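[1] one predicted model, sequence on top.
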2 protein chains.
Amino acid sequence: MSDADTAIVLLSGGLDSATILAMARAEGRHCIALTFSYGQRCLAELEATRRIAAAMNVRDHHLIHLEPSAFGGSALTGDAPVPKLDAPPTDHTRIPITYVPARNIVFLAHGLAWSESVGASEIFIGVNAVDYSGYPDCRPRFIDAFQHMIDVGTRGGVEQNSVRIRAPLIDLPKHEIIRRGLDLGVDYALTMSCYDPDARGLSCGNCESCRIRRDAFAKLRIEDPVPYAA
Amino acid sequence: MSDADTAIVLLSGGLDSATILAMARAEGRHCIALTFSYGQRCLAELEATRRIAAAMNVRDHHLIHLEPSAFGGSALTGDAPVPKLDAPPTDHTRIPITYVPARNIVFLAHGLAWSESVGASEIFIGVNAVDYSGYPDCRPRFIDAFQHMIDVGTRGGVEQNSVRIRAPLIDLPKHEIIRRGLDLGVDYALTMSCYDPDARGLSCGNCESCRIRRDAFAKLRIEDPVPYAA
């Protein structure tokens, strides 16, 4: 069941995950894309994953349903309002309200189970510790700690053949991520970055995720192909 | 949302998980028991969790359905036969066929998401590295690595208030686990240890898990209250 050319790609529908999918494909990997539904308010994200996978000819795309109750206590799943630009700027010494408990840990754990089941050698995850919202599970030391846990806690690790976590965006500024994605032909019109799109699925343009994205496109002097409500 | 008296207990229906549930309750914790269905052949396990939770008056018992496809490649979920006593003895330098890819990692990840969501301070898991089947995710260094990953990758960790993993059985021989459980009033008749029960739900008596259990009861000179097919 070993297939060293296969990679698991965690596909959320945002700009970062579309970019890592393009990177994995550019390396010639057979990609299995995993998308998680976990009660997030933003169903437009899930639609975006379908568009991205289709555009990149990824037929192995699986939607994994997780119990929404496990992810309570976050603005992205609950009823608390998503902070907007007129809120105080992000203080990276504090965890923002949009933090979802253990989200990347749960996603990576499932990616790991898939990897061991199908014999994939790597898991691509689009975490980024530069232009980000201050989540603890987006930092290099978290990725390193998860890798160590794989190395000591899985069959592959014991057999000196661990599944590797690949986080190729972790130290890149957002505009550099976009530049690399454009070089690989990523169509960012298909992606959805907004934490709080409106009923039509339009990005709000005003939440922290929209702001980081718009600033990055502005820095590149490229028009963001995604339409905004405001 | 903090509730330091709440503990998440991973309840599989086996002897070990029944014992840790009793231990958490003996410490006066409010227990939320989580049971996972992941396509395991052994549905009798899930029935056992219901009996155990009911007997211990644990009303917060949640069955979490996971995608079975994520756990392919194991004798406990697939079609490969479960090894019996007449097979060669376990070689702990090799991972047995009953290893389920990343199982404890996925379970702990979900337990962690629940813990952060409800403000529980600890996760009890019944892993044991003495009388066990040689799984890499049952060893102290795996638990230590998962704890470190929590410490660097979660809100609680950043705020110096990590969810703690409790593995109180990890260094106990099986007969000592049973002795402690009996002291706490655990009714082991309600538990199900067998990897391969028959159609009536009777334990085979012959797989490695049954063998370890029967040896432990024999060592205590106590009759195992579970009936066996053979």
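    Good, I have the coordinates.

[2] contacts, neighbours, all on C-alpha from now
    Fine.

[3] how close does A:Met23 sit to B:His30?
    Plainly put, A:Met23 is 47 Å away from B:His30 if you go by CA to CA, to the nearest Å.

[4] A:Gly153 now?
    From A:Gly153 to B:His30 the distance is 29 Å (CA to CA).

[5] of the two, who's got more company?
    In this view A:Gly153 and B:His30 are compared by other CA atoms under 10 Å in any protein chain shown, and A:Gly153 has more residues nearby, 28 against 19.

[6] tell me the pLDDT of that one.
    What the model reports as pLDDT for A:Gly153 is 93.

[7] which residue, other than its chain neighbours, is closest to it?
    Distances taken as CA to CA, 6 or more residues apart in numbering or on different chains place B:Asp137 nearest to A:Gly153, at 4.5 Å, with adjacent residues excluded.

[8] is it true that the one you found touches B:Ile105?
    Yes. B:Asp137 is in contact with B:Ile105 according to CA atoms under 8 Å; the separation is 7.5 Å.

[9] intersection of neighbour lists for the two?
    In the contact map built from CA atoms under 8 Å, 6 or more residues apart in numbering or on different chains, the residues linked to both B:Asp137 and B:Ile105 are A:Gly153.

[10] is it true that A:Phe107 touches A:Phe36?
    Yes. Contact criterion CA under 8 Å: A:Phe107 and A:Phe36 qualify, at 7.5 Å.

[11] do you know how far the nearest residue to A:Met56 once chain neighbours are set aside is from A:Ala109?
    The shortest distance from A:Met56 to any non-neighbouring residue, by CA to CA, 6+ apart, is to A:Ala22 (7.6 Å). Distance of A:Ala22 to A:Ala109, computed by CA to CA: 22 Å.

[12] any idea how far stretch A:176-193 is from the chain center?
    Using CA atoms, centre = their mean, to the nearest Å, the mean C-alpha position of stretch A:176-193 is found 13 Å from that of the whole chain.

[13] got it, and stretch A:18-35?
    Relative to its chain's centre, stretch A:18-35 lies at 12 Å (CA atoms, centre = their mean).

[14] which helices and strands sit right next to the top helix by length along chain A?
    Here the longest helix in chain A is taken by residue count, with DSSP state H as the criterion, and it is helix A:103-118. Here helix A:103-118 touches strand A:6-10, strand A:122-124, helix B:103-118, going by 3 or more CA pairs under 8 Å, 6 or more residues apart in numbering or on different chains; DSSP states H and E.

[15] just the angle for that helix relative to helix B:103-118, thanks.
    Helix A:103-118 runs at 160 degrees relative to helix B:103-118, counting by axes from the mean of the first three to the mean of the last three CA atoms, to 10 degrees.

[16] model confidence over helix A:103-118, on average?
    Averaged across helix A:103-118, the pLDDT comes to 92.

[17] contact partners of the strand ranked longest in chain A?
    If you go by DSSP state E, chain A has its longest strand at strand A:30-37. Residues lying outside strand A:30-37 but in contact with it, judged by CA under 8 Å, 6+ apart, are A:5-12, A:21, A:24-25, A:46, A:49, A:53, A:58-66, A:107, A:111.

[18] quick one: distance of it to the chain centre.
    Here the centre of strand A:30-37 is set off from its chain's centre by 11 Å, with CA atoms, centre = their mean.

[19] same check, this time on stretch A:50-68
    In terms of CA atoms, centre = their mean, the centre of stretch A:50-68 is set 12 Å apart from its chain centre.

[20] cool, stretch A:5-23 as well?
    Its chain's C-alpha centre lies 7 Å from the corresponding centre of stretch A:5-23 when counted by CA atoms, centre = their mean.

[21] likewise stretch A:210-227?
    Remark: stretch A:210-227 is offset 18 Å from the chain centroid, using CA atoms, centre = their mean.

[22] now do stretch A:107-127
    On the basis of CA atoms, centre = their mean, stretch A:107-127 sits 13 Å off its chain's mean C-alpha point.

[23] stretch A:192-203 now?
    Between the centre of stretch A:192-203 and the centre of its chain there are 16 Å (CA atoms, centre = their mean).

[24] for that stretch, C-alpha coordinates in CSV please.
    Included here for stretch A:192-203 are C-alpha records, laid out as CSV according to Å, rounded to 0.1, in the frame of the first residue of the first chain:
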residue,chain,number,x,y,z
MET,A,192,-12.5,32.4,-0.6
SER,A,193,-10.6,34.1,2.2
CYS,A,194,-13.4,36.0,4.0
TYR,A,195,-14.3,35.0,7.6
ASP,A,196,-17.8,36.5,7.1
PRO,A,197,-19.2,36.5,3.5
ASP,A,198,-22.7,37.9,2.9
ALA,A,199,-25.7,35.9,1.9
ARG,A,200,-24.7,36.1,-1.7
GLY,A,201,-21.3,34.6,-0.9
LEU,A,202,-19.5,37.9,-1.4
SER,A,203,-16.4,38.6,0.7
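
[25] let me see the residues that make contact with that stretch.
    Here stretch A:192-203 makes contact (CA under 8 Å, 6+ apart) with A:13-15, A:41-42, A:44-45, A:48, A:76, A:82, A:204-205, A:207-210, A:213, A:226-229.

[26] what does stretch A:6-14 give?
    When contacts are taken as CA under 8 Å, 6+ apart, the neighbours of stretch A:6-14 outside the stretch itself are A:17-18, A:20-21, A:24, A:29-36, A:45-49, A:52, A:107, A:111, A:114-115, A:119-126, A:191-193.
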